[in-house]
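In: what follows is a predicted protein model with its sequence.
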Amino acid sequence: MLHSNTAIAANDFDEARGVVESRPLIVDLDGTLLRTDLLYESFTLLIKQQPWLLLLIPYWLFVGGKAHLKREIARRVDLDVGSLPLNRDFLDWVLRQRLDGRTVAIVSASDQSLVDKVAADIGFFHDAIGSDGVTNLSGRRKIDAITAKFGPDFTYCGDAVTDIHVWEHCRSAVLVGNGTKLAKRLPEDVVVHEQFALEPANWRIWAKALRVHQWAKNGLVFVPLLLSGQVLDLGAVAMAALGTLILSLVASATYLLNDLLDLADDRQHRSKCKRPFACGALPLANGLLAIPVLAAAVGVLLLFTPAAFAAVTLLYLVVTLAYSFRLKRVPNLDLFVLAFLFTTRILAGITVIGAVMSPWLLTFSMFFFLSLAAMKRYTECSELERSGKRSTPGRGYRSGDHPWLLAMGAASGFCSALVFFMYLVEPDSPAHSYATPEILWFICMILGYWLSSAWLTALRGQMNDDPVLFALRDRQSRMLGVLTVLLVVAAHINWLPGA
C-alpha cells in the first residue's frame, strides 16, 4: 500500500503504482539493509586485530578524506559479512521486488570492497556501488552516481536524515527505521511507498548493553564492610556505595568494549547473538561514544576516594582489558583471571573503607570464584557436547573438557568453604569485632550447601550461562542470601550478656 505526505486520488492509484514499480529500487546499506554500519564494523575489527594502526587514522583522514580512511581500514581487516545483522522484513520485501522483475541495486557510502562482499553474500542485486577510496559516496555525490547509472527516475530506500537530499531529488521514498520522524522532514511532494519500523534504542536496550544486572557482582565491595563490623558506620557505608558505583561504571565500559570487539564471535553464539550490538539493536557508534563518557565519569568520582582504591580500580581495568583482548582465549588461565577479578572487588572494598587486609578472605574469594568460573565454562562445554559442536568461537575449550572443569570447580568450591572458616577463627580476623562471631560459622555450612546445589544444577544441564545471574534469579539462592545477612546481623548481638 502506498503511503504519501500528499493525497493521491483513488483513480490515479493504479497508474502511480505502475510507475513506481517500474523504477529502479536503490537501496542504502548501513542502517537500511544492514542493522549496522560497515565503517564501524571494520573499525572495531581493526581495534581488535591491529590496535597500533589507530595512530594512523588521523593521517589517513587528513591525507585522503573519509573515503580514503574507509579504504585503508577495509583493506586491513577481514570482515565476515555473512554474520552481519540484516533488516529481515525489509530484505524480504526487496527480494519480492526483485522477483517481480524490478531492478534493485545497492548504493552506499561504505567502501566498494565491503559493498561488493555484502552484495555477493545476499546474491540477488543487479549492481552494487560504493566509495572508491577517493570519492565518499554520500549527499550530492550519491545522487550523481545513481543518476549516472540508473537515470533520474528511481525509488530510494534509506534510514537517515542525510538521505533527505536524495529523496528531494527522486521524490520517491522507502523509509527504514524511524520512518515517522523522517517523513515529517520530507518535502510534501515526496511519495513514501513503504515504511519498515525498527525498535529505537530505548533505556531497556541500553541497560542490557551496559549489563546493569551485572552490577550486583560489585556488591562484593560491601563484604569487607559486613565482616569488619562497620555496617552501622554511615561514612563507611557511603564510601562502599561509592566504590560499588565506580566499579560498576568501569565494568559497563569494559562490557561495551568487549561486545564491540567480539561481534563476530557473539553472532555465532546461541545466546550472545541477542546482545544489542551483535543483533544491531544499538548502533556501534553509540557504544564507541559511551566508553569515553563512562571513563570521564569514573575519573571524576575517583577524586573522592582513597588513593589505594584508585590503584585497585586501575588494576581491575588493566586485567579486564587483558582478559577481553587475549586471556579469555587461554584455557584454565581464563578461570584464574575471572576469579582474580572477583577478588579484586573485595580488595576494592577493603581499600575504600580502610579495613584490615586479610589474606584468608582474599584466598577464600579466589577459591570460591574459581569454582563459579569453572561452573560457567562447564555449562558451556556441556552445551557444546549436546549440540554436537566441538568448540566455541573465541574460547579455548572443547566439548570434551567438561569432566575436568567439573572436578576442578567442585574441589575449588569446597576449599573456599574451608578457607572461609579459617578466616573466621584466625586471631587477627575482623570478625572478632562482632559480639558473637561464632554465629558466622554457620555461613560456611550455607556456602557448602549452595555450592553443592549449584553444581548439581549444572550437572543436570539446568544452569544459566552465568552462575552469578543464576544465584540472583534462583529462589533458594536468594533465601540463603537473606539467611546469611540475618546471621551477620545476629552476630552483632551479645546473646550471653552475663558471660
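Out: Thanks, I have the structure now.
In: give me the buried positions along the host helix or strand of Gly448.
Out: Using DSSP states H and E, Gly448 sits in helix 442-459. By neighbour count on 16 or more other Cβ atoms under 10 Å, the buried set for helix 442-459 is 443-444, 447-448, 450-451, 454-455, 457-459. Quick note: C-beta positions are derived from backbone N, CA and C, even for glycine.
In: for stretch 211-225, what is the distance to the chain centroid?
Out: Computed by Cα atoms, centre = their mean, to the nearest Å, the chain-centroid distance of stretch 211-225 equals 19 Å.
In: buried residues, that stretch. List them.
Out: By neighbour count with 16+ other Cβ under 10 Å, stretch 211-225 contains the buried residues 211-212, 214-215, 217-218, 220-225.
In: ok now stretch 64-84, how far from the chain's centre?
Out: That offset, for stretch 64-84, works out to 22 Å (Cα atoms, centre = their mean).
In: just the CA atoms of it, as CSV, please.
Out: Listed next in CSV are the C-alpha coordinates belonging to stretch 64-84 (Å, rounded to 0.1, in the frame of the first residue of the first chain):
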residue,chain,number,x,y,z
GLY,A,64,42.6,11.5,1.6
GLY,A,65,39.4,12.3,3.5
LYS,A,66,36.7,10.0,4.7
ALA,A,67,36.7,7.8,1.5
HIS,A,68,40.5,7.2,1.9
LEU,A,69,40.0,6.3,5.6
LYS,A,70,37.3,3.8,4.8
ARG,A,71,39.5,2.2,2.1
GLU,A,72,42.6,2.0,4.4
ILE,A,73,40.6,0.3,7.2
ALA,A,74,38.7,-2.0,4.9
ARG,A,75,41.9,-3.4,3.3
ARG,A,76,43.4,-4.3,6.6
VAL,A,77,40.6,-6.3,8.1
ASP,A,78,38.7,-9.4,7.0
LEU,A,79,35.1,-8.6,7.8
ASP,A,80,32.7,-11.6,8.0
VAL,A,81,29.8,-10.0,6.1
GLY,A,82,27.8,-13.3,6.3
SER,A,83,27.2,-12.8,10.1
LEU,A,84,26.1,-9.1,9.9
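In: neighbouring contacts of that stretch?
Out: Residues outside stretch 64-84 that contact it (Cβ atoms under 8 Å, 6 or more residues apart in numbering): 34-36, 38-39, 41-43, 45-46, 49-50, 53, 56-57, 60-61, 109-111, 113-114, 117-118, 121, 131-137, 263-264, 267-268.
In: tell me the contacts of Thr135?
Out: 67, 141 are the contacts of Thr135 under Cβ under 8 Å, 6+ apart.
In: against Met422, how distant is it?
Out: Between Thr135 and Met422 the computed distance is 70 Å (Cβ to Cβ, to the nearest Å).
In: same question, Lys272
Out: The gap separating Lys272 from Met422 is 38 Å, by Cβ to Cβ.
In: give me the more crowded residue out of those two.
Out: Neighbours were counted for Lys272 and for Met422 using other Cβ atoms under 10 Å; Lys272 has more, 19 against 13.
In: hang on, that one packs against Cys279?
Out: No: taking Cβ atoms under 8 Å as the definition, Lys272 is not a contact partner of Cys279, at 9.7 Å.
In: which regions of the protein lie under the pLDDT threshold?
Out: Applying pLDDT under 70 to the chain picks out residues 1-21, 229, 231, 391-395, 428-431, 464-465, 495-499.
In: now the strands for it?
Out: 3-4, 25-27, 104-111, 127-131, 155-158, 172-177, 191-197 (DSSP state E).
In: can you put these in CSV and add distance to Ala183?
Out: Formatted as CSV, the strands of the chain follow (distance: least, Cβ to Cβ, whole Å):
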stretch, distance to Ala183
strand 3-4, 8
strand 25-27, 18
strand 104-111, 21
strand 127-131, 26
strand 155-158, 12
strand 172-177, 6
strand 191-197, 6
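In: got JSON lines for those strands, with distance to His68 and mean neighbour count too?
Out: Output for the strands of the chain, formatted as JSON lines (distance: least, Cβ to Cβ, whole Å; neighbours: other Cβ atoms under 10 Å):
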{"stretch": "strand 3-4", "distance to His68": "39", "mean neighbour count": "16"}
{"stretch": "strand 25-27", "distance to His68": "25", "mean neighbour count": "25"}
{"stretch": "strand 104-111", "distance to His68": "10", "mean neighbour count": "24"}
{"stretch": "strand 127-131", "distance to His68": "9", "mean neighbour count": "22"}
{"stretch": "strand 155-158", "distance to His68": "24", "mean neighbour count": "26"}
{"stretch": "strand 172-177", "distance to His68": "28", "mean neighbour count": "25"}
{"stretch": "strand 191-197", "distance to His68": "33", "mean neighbour count": "18"}
